[in-house]
Every structure is written in structure tokens, then in C-alpha cells.
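Trainee: only geometry, no sequence info:
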Ligand SMILES: Cc1cc2nc3c(=O)[nH]c(=O)nc-3n(C[C@H](O)[C@H](O)[C@H](O)COP(=O)(O)OP(=O)(O)OC[C@H]3O[C@@H](n4cnc5c(N)ncnc54)[C@H](O)[C@@H]3O)c2cc1C
């Protein structure tokens, strides 16, 4: 069986990370499985983990009164769900639901935050990687805000 | 052989084509198949467009989106008077056609390389002939990838055909929408995001991109970030034009006339001009 550090070392967010750091990260991780329609978490729940999707697709939904749940994004293999674990008040801002069978690796936030505090170089590395993911998501969100297909072509 | 004067008058005077088939793609987009009322069918290279004339209403540039050797096919989104009149043309109706005009997609230059086709919304129709060409000569290309996005699932054009392409073993197809509505279980997110995880060799790939200009800019950035050289990225600049012949100057963009030198440009040629706001 492959250990978690070998499973995650080619996931984009961890690419190029030292073996030592990978082991620190995987020390806080465990594999998990969700069946179709299962909820990973709901808006407002405590954000005490983040996920890396290994198989399947997860829909991030927001509940809009009178319209019901609206999918704002989907997350596919190799991608990360969740940065709410990084900052207080550690609460999810959306719902996450499995679209079909999902296999993921789940990382414990308290465990990781503790390691970041003990080893600031590791902490800085991890934060930079999350910042990169955040910037990318922000960029795509901006593009979507423009409603580019709106008028004309 | 036609004299220069005859060629020019052929390019200036519309030829009558009859609508033989009309099919709805989305709420505001229709595909028309046309055949010449008399004379030869229209030959073209993938990426070229015609000036399509709704008699008594006006004329607009529309990309050719069918197969070479078949009927003339146009997919049109009704956005204003002329495109609405074209979309409303039923079988039997006659439209005027001038062309084909413009420089096409680099299907020859891409031989031996991977091909990445990135389409947004109604940007897929102009790319379809290039895809047909890659599939016709499939063994002469490396990996062929289609990345297609639209606003909602209901705005995807050629839905059946995209599904059929997706089931092929020799073509990678990835589809995303900006807003997942209804029972959509596919991806939700913008189309340039698909570039990061698509399977192709950036150092040996040609990218062909068509869609809203802002989407093309983000797609080009994502392709560059993957390592595709800027002289292997091609975009279609579909801004407004009038004569189609490089005479009237209506579609001038910096030193270039889109109808004559485009609509398809290499990214390194067009990048400085993409910041020009209106024509
Ligand atoms: C080379 C080329 C190929 C094209 N291929 C296709 C095609 O295959 N299918 C298709 O549906 N359309 C295509 N277009 C766009 C099409 O020509 C325009 O939608 C059409 O000219 C609109 O004319 P109209 O009289 O219907 O609307 P108008 O009243 O002229 O315009 C209605 C609205 O659409 C906007 N608009 C008009 N033209 C454009 C444009 N080129 N880009 C962005 N916004 C525009 C106007 O600003 C206005 O808001 C192409 C354009 C070019 C230059």
C-alpha cells in the first residue's frame, strides 16, 4: 500500500516540497471516502480540516434564498478544498457535496497549525502554497465576475 | 480563369444561398445549413468566415463551421437586427454570401504536434472545422484536446457532438460551465482553468483559442504559464467589420486589418493590440 506522503507528493499544491515537510503534512492526514450526494461539510460548520481530492468531483454550493443551492465551483482530482482552516473563526463559507464516489485525503487543521507554529520555515512554505491556490481561485473568480459570455460574443 | 475584376466583383457581390436546414442550438443560437442557389459550393479553410447578408436588413461576418465538401454551415447567435434576421431564416429562405475571407487556423503548422483547442461559448463553431481537420488526419497529430466552456449547461452548442467526441479514445474533451444549473454534474468554473490539468506537451503543442476576448486573454496567460510558446498560441479576433476585403478600414486594429490579416492571429502578433478597446 502507498503511504500518504507518496500519494500526495505529486499533488500540485505539494509539488517540490521536501521529503521532510511531506512527512510532516502526511502525519496530519488520513484517507477518506464519500458516496454520491454525501456532504463533506456545510456552511457555518467548524473548518477543522482541508481536503485534497484524489478521485471524483466535489461541488461547492452556496444556499441562495428562493433559488436553493447554487454550485459556485467544482473541485476535481489534484485540487484542494478549503482554506477556512487557516484563519479564525475557522468556519466553512460554503457547502461541499460529493458528485458520485469521491476519494480524498483529509488533513487535520489543529495538527497542521501546531506543526506550523513549531517549525516556522515549514509554516511559511505551507502558507505560500495556500496563498498561491488562493490567488489562482481569486483570478478565476474575477474572470467569472465579468460574466464574459454576457452580451455580444 | 476569373479575371481580377471578376474576382473582386464576386467578393463584393453576394451570391444567393438557400437555407436547407435550421436547427436550434440554445435559447438564442441557431445553426443553418446553406446550399448555393446555383454554381459551385463554397470552398474554405478552417477558421475562415463569410459576410452573410439578410436581404433588406444587413450583412455581418459569420464563421464557417461545417465540414469541407459539405453544405455551408453557420452557427449564429441572435444579438441584434442582422443576426436575428439570419437566425429567423427558415428552410427555403435565401441569404447572400460573400467570401470566404480571412486567414485560417494553423492546421498545417500543427502537423506532428499536440493540438489544444480552447473554446468559450459561441467560440466553438469557428473552431469546429479545425477539429474536423485534426480528426480527419488524426494520425498526423499528437494529442488532441478540446477544452470548452459556456455560461450555463443550456448555453453549450453542439451538445450531442461534444458528447460523441468525448467518448472517443483519440480525443480528450473537457467541458465546464460558469454556473452549474439544473441537474448538471459536470465541472463548474471558467474555461481557462481547464488548461492547467489538460494532457498535452506544452513544448510541442499548438493552441487555438476562440471566445470572448477577455476569456482569450486569460486562456493565453494559462497556456503561457503551462509553457506553450507565445508563437504557438493562436486567437481569433472577432471584432466588427464591414467590407471583408481590407478596403473600408472599418476593422483596423493598429497596423492590421482584421478582415484581411485575421481574424486569426498569433498571440505574439496581437498581444499589444488586444488592449485596444473599441474599433
Ligand atoms: C470574423 C468574425 C467571425 C464571426 N463569427 C460569428 C459566428 O460564427 N457566429 C456568430 O453568431 N457571430 C459571429 N461573429 C459576430 C457577428 O458578426 C456579430 O454578432 C454581428 O455582426 C452582430 O450584428 P447584428 O446586426 O446582429 O447586431 P448589432 O446590432 O450590430 O450588435 C448587437 C450587439 O452585439 C455586439 N457585437 C456586434 N458584433 C460584435 C462582435 N464581433 N463582437 C462582440 N460583440 C459584438 C454589439 O456591440 C451590440 O451590443 C463574428 C464576427 C467576426 C468579426
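Mentor: All right, it came through fine. Because the structure is predicted, anything quoted here is derived from the model rather than measured. Numbers count the residues shown, from 1 in each chain, chains lettered A, B, ... in the order given.

Trainee: my read: residue B:144 touches residue B:110, true?
Mentor: No: with contact defined as Cβ atoms under 8 Å, residue B:144 and residue B:110 do not form a contacting pair (9.3 Å). (Each C-beta comes from the backbone N, C-alpha and C, glycine too.)

Trainee: Please identify every residue contacting each of these two.
Mentor: Between them, residue B:144 and residue B:110 have residue B:134 as joint contacts when contacts are counted by Cβ atoms under 8 Å, 6 or more residues apart in numbering or on different chains.

Trainee: Look up phi and psi at the closest residue to chain B within chain A.
Mentor: Across chain A, the shortest distance to chain B (Cβ to the nearest Cβ) belongs to residue A:71, at 3.6 Å. According to degrees, to the nearest 10, the main-chain angles of residue A:71 amount to phi -80, psi 120.

Trainee: where does the chain dip in pLDDT?
Mentor: Here I'm looking at chain A. Counting by pLDDT under 70, chain A shows low-confidence ranges at A:1-2, A:151-153.

Trainee: Actually, chain B is the one I wanted.
Mentor: B:1-10, B:240-242, B:275-279.

Trainee: longest strand anywhere in the chain?
Mentor: Here I'm looking at chain A. With DSSP state E setting the assignment, residue counts place strand A:49-64 as the longest strand in chain A.

Trainee: actually it's chain B I care about, not the one you picked
Mentor: Every strand in chain B considered (DSSP E), the longest is strand B:15-26.

Trainee: next one: the helix or strand just after that strand to chain centre, how far?
Mentor: Once strand B:15-26 ends, the next helix or strand along the chain (criterion: DSSP states H and E) is strand B:29-36. A distance of 15 Å separates the centroid of the chain from that of strand B:29-36, by Cα atoms, centre = their mean, to the nearest Å.

Trainee: Parallel or antiparallel, list what pairs with strand B:29-36.
Mentor: strand B:15-26 (antiparallel), strand B:72-77 (antiparallel) (DSSP bridges).

Trainee: which one of the ones you listed is the most hemmed in?
Mentor: Stretch with highest mean neighbour count among the strands paired with strand B:29-36: strand B:72-77 (a mean of 23; mean count of other Cβ atoms under 10 Å in any protein chain shown).

Trainee: does the next helix or strand after it come close to the ligand?
Mentor: Scanning forward in sequence from strand B:72-77, with DSSP H and E defining helices and strands, the next element found is helix B:81-87. Yes: contact check for helix B:81-87 against the ligand, using Cβ under 6 Å from any ligand atom: residues in range are B:81, B:82, B:83.

Trainee: List the buried residues of helix B:81-87.
Mentor: Neighbour-count burial for helix B:81-87, with 16 or more other Cβ atoms under 10 Å in any protein chain shown as criterion, is recorded at B:82, B:83, B:85, B:86, B:87.

Trainee: residue contacts, the residue of chain A closest to chain B?
Mentor: Shown here is residue A:71, whose contacts under the criterion Cβ under 8 Å, 6+ apart are A:59, A:60, A:61, B:179, B:180, B:184, B:188.

Trainee: Do you have the helices of chain B handy? List them.
Mentor: B:4-12, B:81-87, B:124-136, B:159-166, B:213-226, B:258-261, B:267-270 (DSSP state H).

Trainee: Give me the distance between the two termini of stretch A:62-79.
Mentor: End-to-end distance for stretch A:62-79, by Cα to Cα, to the nearest Å: 19 Å.

Trainee: re the thing from before, if we look at the longest strand of chain B, which residues are touching it?
Mentor: Applying Cβ under 8 Å, 6+ apart, the contact partners of strand B:15-26 are B:30-39, B:71-72, B:75, B:77, B:89-98, B:154-158.

Trainee: The residue in the stretch 1-150 of chain B that the ligand sits nearest to: neighbour count?
Mentor: Nearest residue of the stretch 1-150 of chain B to the ligand: residue B:80, at 1.9 Å (Cβ to the nearest ligand atom). Burial measure for residue B:80: 12 neighbouring residues, criterion other Cβ atoms under 10 Å in any protein chain shown.

Trainee: Next up, phi/psi of it, please.
Mentor: Geometry field for residue B:80 lists phi and psi as phi -160, psi -170, criterion degrees, to the nearest 10.

Trainee: Looking at residue B:144 and residue B:110, which is more packed in?
Mentor: Neighbour comparison, residue B:144 and residue B:110: the larger count goes to residue B:110, with 24 against 21 (by other Cβ under 10 Å).

Trainee: show me the contacts for that one.
Mentor: For residue B:110, the contact set (Cβ under 8 Å, 6+ apart) comprises B:134, B:141, B:206.
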